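Undergrad: After the sequence you'll find the predicted model.
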Amino acid sequence: MIPAYQKGKGKAQDFDESNLDPVMTYRHILSQNLLENPLRVVALCDSDAFYAACEMVRLGVTDKPLVVLQWEGIIAVNYHARKFGITRFHKLKDAKERCPELMIIHVATYKEGEAEPGYWDNVDSRTHKVSLDYYRRESEKILAMFKEGLPDAEIEKASIDEAFIDFTKPVRQILLQRYPYLAQIPPDSSAGADTPLPEPPTIDWDNHSHLVPINPVSADAEAVDDAHKETGPDPITWHDVALQIAAELMHKVRVDIANKLGYTTSAGLARNKFLAKLCASYRKPNSQTILRNQAIPGYLKPLEFQKIRFLGGKLGKALAKEYDVSTVADLLPISQEELQSKFGENALWVYEILRYVGSLSSVLCSCLMVNSGIDRSEVKEKSPVNKSMLAAKALQKPITRVDDGPHWIRVLAAELSLRLNDARRARPSLWPKTIVLNVGNGYETRRSKQAPFPFTKEVNVDVIAAAGGRLWKELVANVSGPIKITLISLGFTGIDTLDESQQSIDGFFANSPGIKRPREDINDISQHEHKVDTPRPKSTKRHRDSTASIGVSFTCSECHKTFSLPAKLQSNTDMNERTLAIEAMKNEHSDFHFAQSVARHVEPEMSKISRKPKQKDNGTKGIEKFFNRTA
């Protein structure tokens, strides 16, 4: 009987062995193209049992079994506790039976009346909110050490406990320093820059890294193979030299992080992000693994393909069911045509991933990004400025009275205050454009209110809670019957740096004699129009360059309308005062366009929680319809 996975159409290709050892030339080592360079080295560094490690550092614990709890569920287990067979899937009672001396730490929580999260006794999901801020701060410390220790590398934060590092640039610099003859193309070479590099030197693989075996003899070969034991018949390549240099740099940074911050990490080094991610967990904890090009086929073939990122979900299950297979080797005989006939455009990504042997061409990379929505090729630092912040709570005990709302608004305001102030300590010019309140009931349609967030010298819980409280009052102003809210969030959007050269409306009124500044209480934001929120589009700008006449009027470049100063100001002969007034008008008008652009979008943060088709209108309107339906 022919196995299901051998029924593919046509002859499928195995790994392209020639691509595992491409010819290295002077063009490659002198090239500025880091993405498609065969000397490219990428690492994925993962903090070991991060949440548990953070609590161990906080408590000064080094060798005790410990788990981190969120309400009744275990979310992190340190390696000392794992020796007792405890996993995140165990109930707390079972974990205690396995290890009576187990340390149990509940994550920090916010509670009303406290500006900072804390480790309280008798936490209750009905009154407290989980805080992960401590872990976020520790993650930033680790990332800062990566950037400090590897200033020439490209670093991309992948998650709270992971970072990708592209070592290609610093490795090339070290290669040229150690082997200066590589910087000069032989003058007698007829091929010029395409001349192959001379034979690489021998490598003394140090004891700081594990090498994935090139020819594993059994499924558990990795358990007995160490870096110092790996000799292999295969010759050394220049990419091996690059890997070894990157491993030196990686080890030094990992040691610094352990010594200065107390965190152990595990890293994988390979030719691209995909492979670096796969081998990072090869010998956890506190290890680093090198995957040489020659070892790629032997490492990937016995791998369960559903362990590969993005193949563990529906697509991976469909492949396993369709062909009755489990490993990469099982899927290799299936042709691209067969996969595409069954799974459409997704098949191209799967077909190439399973034969992943190096940097993909730019055309193929573009195809992968379009078809799968991901980009595995480039390591790129993300913007340090988050355009939005969201504090949300799924309520175990629903809000059923209007008077219960302010409690949760203050709790959420505490989290927003902490996070915004953290961000502003690093970048004092950051400020949010808008504050948004969302409420909902399970999968039912949600409602939201928003308003411009006024600038103040200091932002604290009271300021944010006052703004959020006003939105709550407006949201429930016309409610006469019962309510039921199970989801509530308070957030900022449009966070950006303030333009130092830009005169605000406050500055205009403060500096213009004879003009009284309209009184605006920070708590009174009901005058502003409320629309569904979204981050400010990049195309929306202050129209400082759209002045038709700097004297008394200006024309907006977006709506092409002309606006003039009041007659009293037009007759003012002081040019400075007229200029300030014009700038104030332009700034205010640009806010109008921003509000319009905001209204075109659907609330992006809460829509990720749940979606459900709209129900039929029962004749009620606005917020009353929402509360009557969800009661």
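TA: Right, received. Where do you want to start? Numbers count the residues shown, from 1 in each chain.
Undergrad: contacts, neighbours, all on C-alpha from now
TA: Fine.
Undergrad: Next, the residue nearest to Phe146 when sequence neighbours are not counted: phi, psi?
TA: The shortest distance from Phe146 to any non-neighbouring residue, by Cα to Cα, 6 or more residues apart in numbering, is to Val253 (6.6 Å). Note on Val253: its backbone torsions stand at phi -70, psi -40 [degrees, to the nearest 10].
Undergrad: what about Val253, neighbour count?
TA: 19 (other Cα atoms under 10 Å).
Undergrad: can you tell me how far it sits from Ala267?
TA: Applying Cα to Cα, to the nearest Å, the value for Val253 to Ala267 is 11 Å.
Undergrad: Domain-wise, how is the protein divided?
TA: 4-47+137-372, 50-131, 388-534+601-608 (automatic domain parsing).
Undergrad: List just the one of these that sits closest to Phe554.
TA: Ranking these by proximity to Phe554 (Cα to Cα) places domain 388-534+601-608 first, at 16.0 Å.
Undergrad: Quick check: buried residues in stretch 168-180?
TA: 168-172, 175 (16 or more other Cα atoms under 10 Å).
Undergrad: Do a quick rundown of the strands in the stretch 351-500 of the chain.
TA: Taking DSSP state E, counting those that start in this stretch to define them, one finds strands in the stretch 351-500 of the chain at 388-399, 430-431, 434-440, 447-452, 485-493, 496-497.
Undergrad: Equivalent analysis for the stretch 201-350 of the chain, please.
TA: 210-211, 265-270, 288-290.
Undergrad: Can you list the neighbours in contact with the second one?
TA: Outside strand 265-270, the residues within contact range by Cα atoms under 8 Å, 6 or more residues apart in numbering are 41-48, 243, 246-247, 250, 254, 258, 275-293.
Undergrad: Adjacent strands (with direction) for that strand?
TA: Applying DSSP bridges to the sheet, strand 265-270 is found paired with strand 42-47 (antiparallel), strand 288-290 (parallel).
Undergrad: Mean pLDDT added to those, as a markdown table?
TA: A markdown table is the format used below for the strands paired with strand 265-270 (pLDDT from 0 to 100):
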| stretch | mean pLDDT |
| --- | --- |
| strand 42-47 | 96 |
| strand 288-290 | 96 |
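Undergrad: how about CSV for these, with distance to Phe554 and mean neighbour count added?
TA: Output for these, formatted as CSV (distance: least, Cα to Cα, whole Å; neighbours: other Cα atoms under 10 Å):
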stretch, distance to Phe554, mean neighbour count
strand 42-47, 52, 28
strand 288-290, 62, 27
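Undergrad: Just put the ones you listed in TSV and tack on distance to Leu69.
TA: Shown next, in TSV, are the strands paired with strand 265-270 (distance: least, Cα to Cα, whole Å):
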stretch	distance to Leu69
strand 42-47	19
strand 288-290	29
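Undergrad: Show me the one of the ones you listed that comes nearest Ala144.
TA: strand 42-47 (13.5 Å).
Undergrad: Could you list every helix and strand in contact with the helix or strand that comes right after that closest one?
TA: Heading C-terminal from strand 42-47, the first helix or strand you meet, by DSSP states H and E, is helix 50-59. Where contact means 3 or more Cα pairs under 8 Å, 6 or more residues apart in numbering; DSSP states H and E, helix 50-59 is packed against strand 66-70, strand 73-77, helix 133-149.
Undergrad: Save the ones you listed as JSON lines, and put in mean neighbour count too.
TA: Output for those, formatted as JSON lines (neighbours: other Cα atoms under 10 Å):
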{"stretch": "strand 66-70", "mean neighbour count": "23"}
{"stretch": "strand 73-77", "mean neighbour count": "19"}
{"stretch": "helix 133-149", "mean neighbour count": "17"}
